[in-house]
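Student: Structure for the following, please:
(one chain, ligands or ions: 2)
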Amino acid sequence: MITQFLSYEHDGNKAIKTAAKILKKGGLVAIPTETVYGLAANALDKKAVANIFKAKGRPQDNPLIVHIADYDDIMDLADYIPFTLMQLAKAFWPGPLTMIIPKSEKIPDIVSGGLNTVAVRMPSHPVARKVIREAGIPLAAPSANISGSPSPTTAHHVMHDLNGRIDAVLDGGECDVGVESTVISLADDKPILLRPGIITLEQLSEVIGHIDVSEAVINKLNDNKSAPSPGMKYKHYSPKTKIIMIKTENDEDFIDYVNSMKDKNCGVLCYDNETEIFKIPSVTYGQKGDYDSQAHELFDALRKVDDLSVQTVYVRCPVPQGVGLAVYNRLIRAAGFEVITI
Ligand code: TXA
Ligand code: MG
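Tutor: Ligands and ions are numbered 1, 2, ... in the order given. Next up, the predicted model:
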């Protein structure tokens, strides 16, 4: 299969129309969103959705997010609309928030991974919204990467992973946020945060009150424990290089520890402007103390780690609060939950 490269910058609405036409016919198109690129297909077409799983090499029990452009589009997808969804939608939609609610019969089992719920999101990216509207259908879209690798934040990342496996990539520039949407389940009495993102737990709680945090956000799930969000149990965001998170009381200790690894075939993931401080090869991932900028750079940095050609790469342990929780959640998975406390 030849993957068409469509450019919104060059071709504007013509590129949108081509993408929508492919989607209406049951094809796969990677589209930009404000978080990461998504691999989209018609959410109501089982065959098209099955091809998403094939192209990504994604396990079949891992459900997909359904993307809509307008609030009224949710009526067809939901069994009923929880009041908390209305409150959160008013505050954060369109935007990087995914809400899990009881699903309607229209949602094929392959989209929900056999669960009786559906994850819904209304992206704010203008190109994503135009494509959904032009196609006139809800779009199922996981991140447009090969399963297990870092999510793509540029069309170039998508091509690297999926060239020849999907019908088209619609280039809409670099994604603003850089990590995937916050995922909250509203399907039961108590809301549960399943995946942290740029919209923080603290912001969500201001609108709907207390929210439980799924254990899997922070800790490795025991192998025989079932995950509330199936995606959490899979290995994620991993370069081939081994990543180890280092937890220290003060930053000097981190720098000393890493520099003591000179001549040991190691590298470091560090902040911008820090490459001079470290005596070993480095990749930067955003600014010190600024988790928004770290979220923005993180996946691109993880994709560059293998180019260092070292065995092990060290990274600091983020403070798991606010957007720091989102950075922590991605890094701890990239590190396969390996943390050294010094
Ligand atoms: O920002 C995003 O959310 C991106 C863009 C493309 O929208 N999409 C994305 O999709 O990250 P994906 O498939 O890579 O991650 C979706 C996560 C997975 O962990 C999946 O298990 C979980 O959401 N999920 C989806 N439907 C669910 C459901 N019904 N119940 C529990 N978890 C669900
Ligand atoms: Mg993903």
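
Student: near ligand 1, which residues of the stretch 201-342 of the chain?
Tutor: Proximity of the stretch 201-342 of the chain to ligand 1, by Cβ under 6 Å from any ligand atom, involves residues 229-232. In this view, the C-beta of every residue, glycine as well, is placed from N, C-alpha and C.

Student: check contacts around the closest residue to Asp61 other than its chain neighbours.
Tutor: Closest residue to Asp61 apart from its sequence neighbours, by Cβ to Cβ, 6 or more residues apart in numbering: Gly113 at 4.8 Å. Gly113 sits next to 60-64, 230 when contact means Cβ atoms under 8 Å, 6 or more residues apart in numbering.

Student: any chance of the residues of the stretch 201-342 of the chain next to ligand 1 in JSON lines, plus secondary structure, neighbour count and pLDDT?
Tutor: Output for those, formatted as JSON lines (DSSP: H, G, I helix; E, B strand; the rest coil; neighbours: other Cβ atoms under 10 Å; pLDDT from 0 to 100):
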{"residue": "Ser229", "secondary structure": "coil", "neighbour count": "21", "pLDDT": "77"}
{"residue": "Pro230", "secondary structure": "helix", "neighbour count": "16", "pLDDT": "76"}
{"residue": "Gly231", "secondary structure": "helix", "neighbour count": "24", "pLDDT": "74"}
{"residue": "Met232", "secondary structure": "helix", "neighbour count": "20", "pLDDT": "71"}
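
Student: Ligand 1: which of the residues you listed is nearest?
Tutor: Comparing those against ligand 1 with Cβ to the nearest ligand atom places Gly231 closest, at 2.1 Å.

Student: quick one: low-confidence ranges for the stretch 101-250 of the chain?
Tutor: Under the criterion pLDDT under 70, the flagged ranges of the stretch 101-250 of the chain are 223-225, 233-235.

Student: Strands of that one, start to end?
Tutor: Using DSSP state E, counting those that start in this stretch, the strands found in the stretch 101-250 of the chain span residues 117-121, 139-140, 168-171, 182-185, 192-195, 212-213, 242-247.

Student: May I see the ones you listed arranged in a markdown table, with mean neighbour count as well?
Tutor: Formatted as a markdown table, the strands of the stretch 101-250 of the chain follow (neighbours: other Cβ atoms under 10 Å):
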| stretch | mean neighbour count |
| --- | --- |
| strand 117-121 | 26 |
| strand 139-140 | 28 |
| strand 168-171 | 26 |
| strand 182-185 | 25 |
| strand 192-195 | 21 |
| strand 212-213 | 14 |
| strand 242-247 | 17 |
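
Student: In a markdown table, list those strands along with distance to Asp72.
Tutor: Shown next, in a markdown table, are the strands of the stretch 101-250 of the chain (distance: least, Cβ to Cβ, whole Å):
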| stretch | distance to Asp72 |
| --- | --- |
| strand 117-121 | 12 |
| strand 139-140 | 16 |
| strand 168-171 | 25 |
| strand 182-185 | 21 |
| strand 192-195 | 25 |
| strand 212-213 | 30 |
| strand 242-247 | 44 |
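
Student: Now do the buried residues in the helix or strand hosting Leu23.
Tutor: Assessed by DSSP states H and E, Leu23 sits inside helix 13-24. If you call a residue buried by 16 or more other Cβ atoms under 10 Å, then helix 13-24 has these buried ones: 15-20, 22-23.

Student: Among those, name the ones that also lie close to ligand 1.
Tutor: Filtered for proximity to ligand 1 (Cβ under 6 Å from any ligand atom), these leave an empty set.

Student: Run through who's touching the helix holding Leu23.
Tutor: So helix 13-24 is contacted by 4, 6-8, 11, 28-29, 31, 40-42, 48, 127, 130-131, 134-137, 139, 167-168, 170 (Cβ under 8 Å, 6+ apart).

Student: any idea which element the residue nearest to Arg316 when sequence neighbours are not counted lies in?
Tutor: Sequence neighbours aside, Phe254 is the residue nearest to Arg316 in space, at 5.6 Å (criterion: Cβ to Cβ, 6+ apart). Secondary structure from DSSP H and E places Phe254 in helix 251-259.

Student: Alright, I will stop here.
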